[in-house]
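Asker: Sequence and computational prediction follow.
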Amino acid sequence: MTQETLNNQTLPQLPASVTKPGYNRTAVTPGIVHLGTGAFHRAHQARYTEEVLENGESDWGIIGSSLRSPTVRDQLAPQNYLYSLVEKSNDGEQIRVIGCLRDLHVAPESPRALLDALTREEIRIVSLTITEKGYCHDPATGNLNLNHPDIRHDLANPQAPKSALGFIVYALRERKEKGLPGFTLLSCDNLPNNGRLLRQMVSEFARAVDADLAEWVEENTSCPCTMIDRIVPATTDADRDALENALGVRDNAAVMAEPFTQWVVEDNFVRGRPAWEKAGATFVEDVEPYELIKLRLLNGCHSLLAYSGYLAGFETVADVMAEPAFAALAKQFLASEASNAVKIPEGFDLEKYRQQLLERFSNRALRHRTWQIAMDGSQKIPQRWLGTLHHQLDNGGAIDLLTFALACWIRYVGAVDDAGKAIEVSDPLAKELKALCDKHRDNPRELAGVFLQFTPVFGDDLQHNQRLQQALATWLTSLDKHGVLNGVRMQMETTEA
């Protein structure tokens, strides 16, 4: 293996088949600071921005940041912030080197450096991929959790914040004091109404600092809602080794992605924006219909396949889809329960979208691990399944596949798969959920009931629904008796009959 790495010096020697930046990187000035420069941002928003720079808009370079770990900075800095985006499909792969990142700050090492970046006059957009946990809100009330350790720290330490909210609000305070304009806050997290959530959290944090500041923030910022979609699995050492063979140099910051990408954005920017539409983004007045289609079809089906497939011993989603019964399950879920719970925007081809999803899930080159998708289920399934479940219950619709999905999730957090092997459950509520399983494992009816009473996930409006409890208990009983794969096969045979 060569010891050379991807950087400005080795870039020209890459194979001709690799797409390289066609613009002058030294002429690019930053217009965006991104909080949370992980793999998804580099495969999605940065890819759209790269296309903007290729089209001649040189004032939209990105300054990245990490709010926790130096890992990404340590990968990118020796490479002059260049990295490869590898789009993988069953037909092969395409490699593109991305050059829009100009710098990357690690917040715990130097909070001041990140604040300085956020207060640069030319910064007009601050974008975020910080996951739901990064918004420090209380899901039960929808308000900012003022007792969150990071929020308490930040209110007491304005020069050294830890949270994204702290950095944003204190940077805006400095901009106000210096007579600088505000900026657009662009959430790119997979959350419903993400812009409105971000607006509320920023406003509440600013109000806790200073009422006048909160008013200024309200008048000088905007928070568009967005819907983002691209499958970006974790990059493995095997991925990096294969890429090194293709490039002739080592790229420790490479990201893998599927060819499909979608970005729907509410067109509400206070100081202009890149022409991302030229790179394929869709600008609309209302993101919500697109958001619900993605959450309830793509994310809902992804989680369904992840929990059921993992329990049945399948490592990747493509492996799950290679089993005919699971492929039929996915097709039926998308066409029935999930599609029944969405409104279709004018001009949107739902049938084509469903077919694209089945093809994406079957992408063998991606190796998107079921265990990875199954992470943090207690945070994800309220958005991915429960909205659909409420719609179906309210309208007398079918809930067979939704309750099957919930039963699989309950089995998963019980931490034992169908083969009797222990599961390493990655979830912030893992201990509480496993305790419920351990206590009620031998009584499916009780198990269904206590889970529906677990308000951090289900709220308080499903626990008395007898139809739901009975359907969930029936599936838990079936999974105990037959296992997941046989349960799916029997369900599909019943449906076909």
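Answerer: Received, thanks. Numbers count the residues shown, from 1 in each chain.
Asker: So which elements touch the helix or strand hosting residue 173?
Answerer: Assigned by DSSP states H and E, residue 173 belongs to helix 164-178. Counting by 3 or more Cβ pairs under 8 Å, 6 or more residues apart in numbering; DSSP states H and E, the packing neighbours recorded for helix 164-178 are strand 30-35, helix 111-118, strand 125-128, helix 149-156, helix 194-209, helix 211-220. Bear in mind the C-beta positions are built from the backbone N, C-alpha and C, glycine included.
Asker: Now with 7 Å, please.
Answerer: helix 111-118, helix 194-209, helix 211-220 (3 or more Cβ pairs under 7 Å, 6 or more residues apart in numbering; DSSP states H and E).
Asker: Please spell out which residues along the following helix or strand past that helix are buried.
Answerer: For helix 164-178, the succeeding helix or strand toward the C-terminus, using DSSP H and E, is strand 184-187. Residues 184-187 are the ones in strand 184-187 that count as buried (16 or more other Cβ atoms under 10 Å).
Asker: and the gap between the residue nearest to residue 439 when sequence neighbours are not counted and residue 481?
Answerer: Excluding the flanking residues, the one nearest residue 439 by Cβ to Cβ, 6 or more residues apart in numbering is residue 450, at 7.7 Å. The gap separating residue 450 from residue 481 is 20 Å, by Cβ to Cβ, to the nearest Å.
Asker: Who has more neighbours out of the two?
Answerer: Comparing residue 450 with residue 481 by other Cβ atoms under 10 Å, the one with more neighbours is residue 450, at 16 against 10.
Asker: Double-check the more buried one against residue 440; I have them as touching.
Answerer: Yes: under the criterion of Cβ atoms under 7 Å, residue 450 makes contact with residue 440 at 5.6 Å.
Asker: if we can go back for a sec, return the distance of the helix holding residue 173 from the chain's centre.
Answerer: Between the centre of helix 164-178 and the centre of its host chain there is 26 Å, according to Cα atoms, centre = their mean, to the nearest Å.
Asker: swap in stretch 412-432?
Answerer: Worked out by Cα atoms, centre = their mean, stretch 412-432 lies 22 Å from the chain centre.
Asker: now do stretch 174-190
Answerer: That offset, for stretch 174-190, works out to 22 Å (Cα atoms, centre = their mean).
Asker: what's in contact with that stretch?
Answerer: 41, 45, 115, 119, 121, 123-132, 168, 172, 194-195, 198, 202, 213, 216-217, 220-224, 226, 228, 269-271 (Cβ atoms under 7 Å, 6 or more residues apart in numbering).
Asker: one step back: buried ones in the helix holding residue 173, by neighbour count?
Answerer: Across helix 164-178, burial judged by 16+ other Cβ under 10 Å covers 164-173, 175-176.
Asker: Extract the C-alpha trace of that helix and format it as PDB.
Answerer: Extracted in PDB, the C-alpha atoms of helix 164-178 (Å, rounded to 0.1, in the frame of the first residue of the first chain):
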ATOM      1  CA  ALA A 164     -24.900  24.100  18.700                       C
ATOM      2  CA  LEU A 165     -27.500  26.400  20.200                       C
ATOM      3  CA  GLY A 166     -24.900  28.000  22.400                       C
ATOM      4  CA  PHE A 167     -22.500  28.700  19.500                       C
ATOM      5  CA  ILE A 168     -25.300  30.000  17.300                       C
ATOM      6  CA  VAL A 169     -26.900  32.400  19.900                       C
ATOM      7  CA  TYR A 170     -23.600  33.800  21.300                       C
ATOM      8  CA  ALA A 171     -22.300  34.300  17.700                       C
ATOM      9  CA  LEU A 172     -25.500  36.200  16.900                       C
ATOM     10  CA  ARG A 173     -25.100  38.300  20.000                       C
ATOM     11  CA  GLU A 174     -21.600  39.200  18.900                       C
ATOM     12  CA  ARG A 175     -22.900  40.000  15.400                       C
ATOM     13  CA  LYS A 176     -25.600  42.300  16.900                       C
ATOM     14  CA  GLU A 177     -23.000  44.100  19.100                       C
ATOM     15  CA  LYS A 178     -20.700  44.600  16.100                       C
END
